[in-house]
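Peer 1: Here is a sequence with its predicted model. Questions after.
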Amino acid sequence: MSYLLRKLGIFVFTLWVAATLNFVLPRLVPGDPVSVMLAKYQGRLDPAAVDALKIAYGLNDLGSPVSQYFSYLGNLLRGDFGRSISLFPTPVIDVVRMALPYTLGLIGVTTIISFVLGSALGLYSGWRRGGVVADGLTPVALFLNAMPYFWFGLILLYVFAFQLKWFPLSGALDPFPGDTYSAGWWSSLLRHAALPVFTILVTSVGGWLITMRNNVINVAGEDYLAFARAKGLTERRIISRYVLRNALLPSFTAFGMALGFVVGGSILTEIVFSYPGLGFYLYQSVTNLDYPLMQAIFFFIALAVLLANLLVDFVNVLLDPRIREGQA
Amino acid sequence: MSGLRQFFGQPRSLVGAGFLLILLVASLCAPLITPYDPNSLEFGPFMPLSAQHWLGTTALGQDIFAQFIYGARLTLLVGAVAGLIATLLSVTFGLAAAYLGGRVDEAINTLINVFLVLPGLPLVIVASAFLRGGGVWPVILVISFTGWAFGARVLRAQALALRERDFVQAAVVAGEGPGRIIFREMLPNMAGLIAANFFGAALYAVLSEAALSFIGVGDVSLVTWGTMLYWAQAKGALLQGAWWWVALPGLGIALLGTSFALLNFAIDEISNPKLGRSNVKLPARKKPAPGAGVGNPDALLSIRDLNVGYLTPGPTVRAVRDVSLDVQPGELLGLAGESGCGKSTLAFAVTRLLDPPGAVLGGSVRLAEHDLLNLSPEELRRVRWKEFSMVFQASMNVLNPVLKIREQVYDAMQAHGVTDKQKLDARARELFDLVGIQASYLDAYPHQLSGGMKQRVVIAIALALEPKLIVMDEPTTALDVVVQRQILQEINDVRRRLGISIIFITHDLSLLVEMSDRVAIMYAGEVVELAPAHQLYAHPAHPYTQQLMNSFPPMTGPRTRRSGIPGKPPSLSAEIVGCPFFERCNKRMPGVCDVKPLQTFPVAEEQTAACFLYDPTVSPALKENAIRDSQHVQMEVSRESAHSANLN
Amino acid sequence: MNNPMTNKVKALVSLSLILTAALGSAAHAQNPKSTFTIVRSTQWGAQNYNPYVPGDQHLLPTNSAIYESLFFVNSINGKVTPVLGTKYAWSKDNKTLTVTTRGGVKWTDGQGFDAGDAAFSFNYLKSYPALDTSGLWKSGLSAVKATNASTLVFSFATPNTPIFQYIAATPIVPQHLWKDVKDPSTFTNAKPVGTGPFVADSYSQQALRVLKNPNYWMEGKPSVDALVWIATSTNDAAQLKLLSGEADFGYVGISDPKTYAAKSPNASYWWPTNNINFLYFNTVKAPFNDAGFRKGVAAAINTKEVADKAYAGAVAAASPAAVFPGQQKEWLANAAKSTFDVTAADKALTAAGYKKDGSGNRLGKDGKALPSFKILVGAGWTDFITMAQVIGNNLKKVGINTSIDQQAWGSYSGGLQTGSYDMGISWGWGNGSTPYYTFNAAFNPDFSAPVGKTAPSNLSRYTNPAITKALDTFSTTSNAATQQKAMTTIVSTVMKEQPWVPLTDRVNFGLFNTSKFTGFPSAADPYNDSSPDDTNGARLLYLNVKPK
């Protein structure tokens, strides 16, 4: 119990740190969103519009930084993220709601597939160590893992979308994909998701493979494994109940830790494929200095990663009796 | 030093280091390789590949090959410097947390956790959008400050473990200052991990720089591989068909990253030998003619001329040499000897649990009708536990920590056909009763049991299928004396009741003499004496046995200070001529013992010894001389016994 | 047979039919025969048809297809096209503007449009200053009244004739609907009612569609049944859609339009100049406070090379007078020649007191070496970075060292506006149908500020009483000759003082695929200014295109 409380404490603390960073960072920058807009319209907005825009965005009367901070935290607790500046007057939360399904669908599902696939390959590679295929997997995995996500995405885009025209160049759906959830809609969605999914899969699977392989090798040297073999257990049972159960624990923790990296890489993938998820909008909001949107998206990404970590901690409790007893 | 040799002995690290070196040299010698200035805009845009421009030109008329070569400089710089700063931070935080402990550790650990779970790249994107000042340094700093936490976590764990180690504790007790302890005692032992961490951080840095440059957050007026990708993308290189402008820098990053990863991996393997791959090929064992008729047909277990070795990159370590032993049904055979004499290796070889690089080099093992060394994996699996079981030396760790005890008792039986739940439960209770544990512990997890209880559980599991033979490798070493006695008593009871044969391995000779029917003494991989327990106790034949007996307190009578055996056993990787105990023997016969090939000679009924004192062809005068000398030497030895190599 | 079970089933079946119908209706509304497709390289936001929120925030058809303004003023030649206004006249004292509004125009909900709606629209901006993004009510306008159903009278406290450009472009909304809108800056106007040639139809993240307004006041127009905007997120993807014929028009600033046009006989582009990229000097910082130094630097810069490298030859070097090519005939007495001359620049700098040391590096007036100056550009602006690279190479030849200071958006615009830069590349922060807009934004003291404070648009922080007076003269008259004289003063003063270096033209990025439609604007037929796809200029394009 104390373990979970501790983890919960770290969760809340980290979330607070993220929220505070979120508040401080945008305020370090010179200039304000209104002048950015003015600049962005490149003469299409009159300089005299500055005041009008400031009033519209509620930037005319801000109060002291301290009071801003507390009202910011208060709004955060109420789930009020304000209105986007670049997509004014759309409430930020609506933009997030619009983008979130794509990111969850793309990154969430792909990351899980990648983890499962990578771990399975890692299990194979670790367990069958010494074999040509099993050992050959490691350098391949290292190479895939060292590839920049966005670069691999670009190459895929060039070959499969630009040259071969098998897949669309960008976006998440065709202009008129048909009724939502109809067959045509699904096919459009999947065709658009194929290349980004493949990119994330290929570039992240190697990391899980290496992690799992190392864990399996570590477990393979444990006495309980020799004992299990001595007992004459079938290989299937040894792998499922002895190797996997134990090797998964650190792998699982690593999964939580690495999630931040994966999400980061996936953001680039979204940018390359113009996939309208959170990463894409984060990039847009950074270029537009859309503070409220930027803050909300960073907050939600941090929240998602933190929640995933918390989930990992909870599942760890189920998987590892030692943690349950508060020994680990 | 051996680490370095190992490092360069691996193809992985060679490839990694090689590529890195080539890149470094090429980027430093850039002006010699290409005549063009990477920033010069003097050529036409999008020139195709040609002899003048090997990779064509950019949209702005820069030579792409020149950009690639010069770009490697900054890319390497970012990787190296950011990797270095991040590593420095990791080491500082990791060591500070581990060394200072308490509140500081708590605070740093929380900080590490916070940095670990905060999504890195979004943070970097948000942060660097607000960094003033151009150039490569803001990028390096941002990357370093977001990339240190992973390493800090690993290093903290390592440092915590080191802090508990004897030599660090000793330094603390000796009153060495923290700086000295950290720099002299701890850091050198963490060098491998720190180096691995550096390459990991460098990989992260190179990838992050590329990512940041690509989305235009870095300084795109510099020439790095990342900014090359940025410009290629911004100027529509792919649309123009200049795919190499995109392909090359990305491939460069991937290869650079791979070489960092390979180095990281290679160093990791050296500091964590478990991960290392055995490069040695196992030689085919010289198979004796297969068949069950080996050795003594009455014996339950018959070992003949067994040779076991460890295949290292150097000379093979011959841990078990030409051992032949029989175990009769219902017999308790004791196996004793100093650490490293090969007794555990023998046990593992006989039970076929030897992991590479260990390998059986020759000989045969027969258990009942099974030719153990020639069983197929599936045949072996079926025979295991049913015919013979094993109790490990480190019983503390032989139970799977994440499974309930019940499951681990059940699965041994389930694997051999007992599937009925009621039968399983009844048998488990019966076994626990037998070894004296409450049945309620069946539903506990291993960590909830004390060491003694775990040991009993393991013994219970070993008895589950009533095998014909149990190999017990120092089953009680880690236990306190009282518990040890209890367990041994129970083992003996059970054995007698069920008629099980046991091979009992220990370095505790007095224990063996008390329990065993027969005792075999091993020295340097060979069985040097074999005798019934009482005979061995009363009349140890081999000088080694005699000296061994001497080094233990007698079971009865006054406890007096005993002598250890001076000197140490010979290296097992060397070829041994004559008697391996020659150097340490107090009854040695120079000219005989160190020359003649060793043989085993009968001493008394059922007693044999591998000693030339019992060689009928050696002249009695020589033997007497040797024995007389020994009494003289004995005195001197006792005096220096404090410095002698004691058993274990 | 009438058991309750079958009733339930029937109810369920009919319910599901209704649901299916409801879901289906959105997508299958009607299948337009001729669809004109516009591709976007950016993502749009939520469903918002409020014409008063700025730029990106309302959907693209809002001001180009649904709502209309009084006039369209072509920014490249100043030509005025009537829309809901048919004519306009300034009073003698330039304090009254009278606009005659069009009769027989109906809102798409069937109600009639009259001058009252127009008056309401302007007064609405007065009551909600947040909507007044052109600053109409801050620039001298004092009252707007409809004196009868077709006459609209604008009264000014101080004369300000250039404001006509902004009055002309202000969208007109129906009074009967908008009088109840209380929070217009957050109002998303989901069911827009306008007078324009199209009505809103469907909205998704991928595509927007508007359908032909069957009762549009201009007879026989529009010639296409529907407009569709499709979103890509990169210029490359948009360019590919145009090349493949999936899109007919795109306002996309691709890096190389010449290559685009060469790829297909149907691909064409028209990139007319409507602004200029300048190298701004921070004239409150030494040595940029010295006109002699500024002139020397300006003469050392090869603006043709700058333009060629930055825009792959698709955009020309700017006129040193900073007047757009289309406006030069009207506003420039004699064409300004390029001042580029390295030898002259070298001499001029030396003459101004900046000598060279032995190794060829330029020294300050005090004899100490000049520092390396930073050229501020926006992160991600590849054209500006390229310009800075060329300028750096140019200045090196006269012994001046520079480095590129690449900043993210906020730091970039903030740096320019707060005056913390040395030299910076940016466009003219004002522009319009006469050069006045460019110079007013750049040199009006009202738009300057002390260093550290935000200057709205006087980035070089340069003011000159002669310029200030001429700007004032220009804005308070509608007499062409007076305006011309004032403009001559401004242009010659700026060229003499050189607070900036006009580098390259800055253009509107019209890309077309002419395989399915005719009637695109071009240099030969500049009926609009190649306006962005969401402006009242684009409306003319949507009215003019016809299926082949």
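Peer 2: Cool, the structure landed.
Peer 1: Ignoring the adjacent residues along the chain, who's closest to A:L8?
Peer 2: A:L310 (7.3 Å; CB to CB, 6 or more residues apart in numbering or on different chains). C-beta: built from backbone N, CA, C; applies to glycine.
Peer 1: Who are the contact partners of that neighbour?
Peer 2: Neighbouring residues of A:L310 by CB atoms under 8 Å, 6 or more residues apart in numbering or on different chains: A:7-8, A:11.
Peer 1: okay if I get those as CSV plus secondary structure?
Peer 2: Output for the contacts of A:L310, formatted as CSV (DSSP: H, G, I helix; E, B strand; the rest coil):
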residue, secondary structure
A:K7, helix
A:L8, helix
A:F11, helix
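Peer 1: what mean pLDDT does stretch A:2-21 have?
Peer 2: Regarding stretch A:2-21, the rounded mean pLDDT is 84.
Peer 1: May I see the buried residues of that stretch?
Peer 2: Across stretch A:2-21, burial judged by 16 or more other CB atoms under 10 Å in any protein chain shown covers A:3-4, A:7, A:10-11, A:14-15, A:17-19, A:21.
Peer 1: As CSV, those with distance to A:R128 would be great.
Peer 2: Listed next are the buried residues of stretch A:2-21 as CSV, based on distance: CB to CB, whole Å:
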residue, distance to A:R128
A:Y3, 35
A:L4, 37
A:K7, 35
A:I10, 38
A:F11, 38
A:T14, 39
A:L15, 42
A:V17, 43
A:A18, 42
A:A19, 47
A:L21, 45
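Peer 1: Can you narrow these down to the ones near chain B?
Peer 2: Checking the buried residues of stretch A:2-21 against chain B by CB under 8 Å from any CB of the partner chain, the ones in range are A:10, A:14, A:17-18, A:21.
Peer 1: Let's see which of these end up in helices.
Peer 2: Among those, the members found in helices (DSSP state H) are A:10, A:14, A:17-18, A:21.
Peer 1: Tell me the one among those nearest to chain C.
Peer 2: Nearest to chain C, judged by CB to the nearest CB, of those is A:L21 at 16.7 Å.
Peer 1: Name the SS class of the residue nearest to C:S202 when sequence neighbours are not counted, please.
Peer 2: Spatial nearest neighbour of C:S202, excluding adjacent residues (CB to CB, 6+ apart): C:R209 at 4.6 Å. With three-state DSSP as the basis, C:R209 sits in strand.
Peer 1: measure A:S170 to chain B for me?
Peer 2: In this view, A:S170 and chain B are 13 Å apart by CB to the nearest CB, to the nearest Å.
Peer 1: typo on my end, it should be A:F162
Peer 2: 6 Å.
Peer 1: Quick one: residues contacting B:G436.
Peer 2: B:G436 is in contact with B:456, B:486, B:490, counting by CB under 8 Å, 6+ apart.
Peer 1: what about the last one, neighbour count?
Peer 2: Spelled out, that is B:E490. 16 (other CB atoms under 10 Å in any protein chain shown).
Peer 1: cool, the one 10 residues further on as well?
Peer 2: Applying other CB under 10 Å, we find 23 residues neighbouring B:I500.
Peer 1: That one reaches B:L469, doesn't it?
Peer 2: Yes. Counting by CB atoms under 8 Å, B:I500 does reach B:L469; the two are 7.0 Å apart.
Peer 1: who touches B:V360 in this structure?
Peer 2: Contact partners of B:V360, counting by CB under 8 Å, 6+ apart, are B:285, B:306-308, B:349, B:354, B:373.
Peer 1: Just those residues: which are in helices?
Peer 2: Short answer: the contacts of B:V360 in helices (DSSP H) are B:A349.
Peer 1: can you put the contacts of B:V360 in CSV and add neighbour count?
Peer 2: Listed next are the contacts of B:V360 as CSV, based on neighbours: other CB atoms under 10 Å in any protein chain shown:
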residue, neighbour count
B:R285, 16
B:L306, 23
B:N307, 19
B:V308, 25
B:A349, 27
B:L354, 21
B:L373, 21
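Peer 1: Can you add pLDDT and distance to A:S125 and give the contacts of B:V360 back as CSV?
Peer 2: Listed next are the contacts of B:V360 as CSV, based on pLDDT from 0 to 100; distance: CB to CB, whole Å:
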residue, pLDDT, distance to A:S125
B:R285, 54, 27
B:L306, 88, 33
B:N307, 87, 32
B:V308, 87, 29
B:A349, 87, 28
B:L354, 82, 23
B:L373, 84, 29
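Peer 1: Is stretch A:262-270 in proximity to chain C?
Peer 2: No. Applying CB under 8 Å from any CB, one finds stretch A:262-270 separated from chain C by no less than 9.5 Å.
Peer 1: which residues touch the residue in the stretch 151-300 of chain B that chain A sits nearest to?
Peer 2: Using CB to the nearest CB, the closest approach of the stretch 151-300 of chain B to chain A is made by B:G257 at 2.7 Å. Applying CB under 8 Å, 6+ apart, we find B:G257 in contact with A:145-147, B:203, B:206-207.
Peer 1: same deal with B:R518?
Peer 2: B:331-334, B:530-533, B:606.
Peer 1: Isn't C:D236 up against B:K235?
Peer 2: No. Judged on CB under 8 Å, C:D236 makes no contact with B:K235 at a distance of 9.9 Å.
Peer 1: what does the model give the closest residue in space to A:I267 that isn't next to it in sequence for pLDDT?
Peer 2: Spatial nearest neighbour of A:I267, excluding adjacent residues (CB to CB, 6+ apart): A:G279 at 2.9 Å. With respect to pLDDT, A:G279 scores 85.
Peer 1: and A:G279, how far is that from A:Y242?
Peer 2: Distance, A:G279 to A:Y242, by CB to CB, to the nearest Å: 39 Å.
Peer 1: picking up where we left off before, so which two of the contacts of B:R518 are the farthest from each other?
Peer 2: By the measure CB to CB, B:L332 and B:E606 form the most distant pair in the contacts of B:R518, at 14.7 Å.
Peer 1: So if I had to pick from the two, which one is more boxed in?
Peer 2: Neighbour tally, B:L332 and B:E606, criterion other CB under 10 Å: the higher count belongs to B:L332, 24 against 11.
Peer 1: who does that one bridge with?
Peer 2: B:I502 (DSSP bridges).
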